[in-house]
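**Student:** got a structure for you, letters missing:
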């Protein structure tokens, strides 16, 4: 496929058809990246968190609760 931008002179405006095609291509690429991110990164992470108890370590959760309790006692 030849490059349509080489056909455009510097003083001419880009045709609407080409503008739409370029914007549609960019939108499709962005959608593909978002879908890949969802299914390759976020979905496995969410499943892993569910299988390991939500991703919060019990020791860390206990420390957090003790810290909150200490802050309430002081305040």
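**Tutor:** Done, it's in. Keep in mind that what you see is a predicted model, and the values were worked out from it rather than measured. Residues are numbered from 1 along each chain as shown.

**Student:** Show me which helix runs longest in the protein.
**Tutor:** In the chain, taking DSSP state H as the definition, the longest helix is helix 16-37.

**Student:** Next, the angle helix 16-37 makes with the helix or strand just after that one.
**Tutor:** Secondary structure here is assigned by DSSP states H and E; on that basis, the next helix or strand after helix 16-37 toward the C-terminus is helix 43-51. Per axes from the mean of the first three to the mean of the last three CA atoms, to 10 degrees, the angle that helix 43-51 makes with helix 16-37 is 30 degrees.

**Student:** I'd like the average pLDDT over helix 43-51.
**Tutor:** Regarding helix 43-51, the rounded mean pLDDT is 82.

**Student:** So for that helix, what gets flagged as buried?
**Tutor:** Along helix 43-51, not one residue counts as buried under the neighbour rule (16 or more other CB atoms under 10 Å). Where C-beta positions appear, they are placed from N, C-alpha and C, glycine not excepted.

**Student:** on contacts alone, who are the packing partners of that helix?
**Tutor:** Applying 3 or more CB pairs under 8 Å, 6 or more residues apart in numbering; DSSP states H and E, one finds that helix 43-51 contacts no other helix or strand.

**Student:** pLDDT weak spots in this structure?
**Tutor:** Scanning the chain for pLDDT under 70 picks out the ranges 1, 8-11, 54-58, 74-75.

**Student:** Could you check how far the nearest residue to residue 18 once chain neighbours are set aside is from residue 14?
**Tutor:** Once its chain neighbours are removed from consideration, residue 18 has its nearest residue in residue 4; the separation is 5.7 Å (CB to CB, 6 or more residues apart in numbering). Plainly put, residue 4 is 9 Å away from residue 14 if you go by CB to CB, to the nearest Å.
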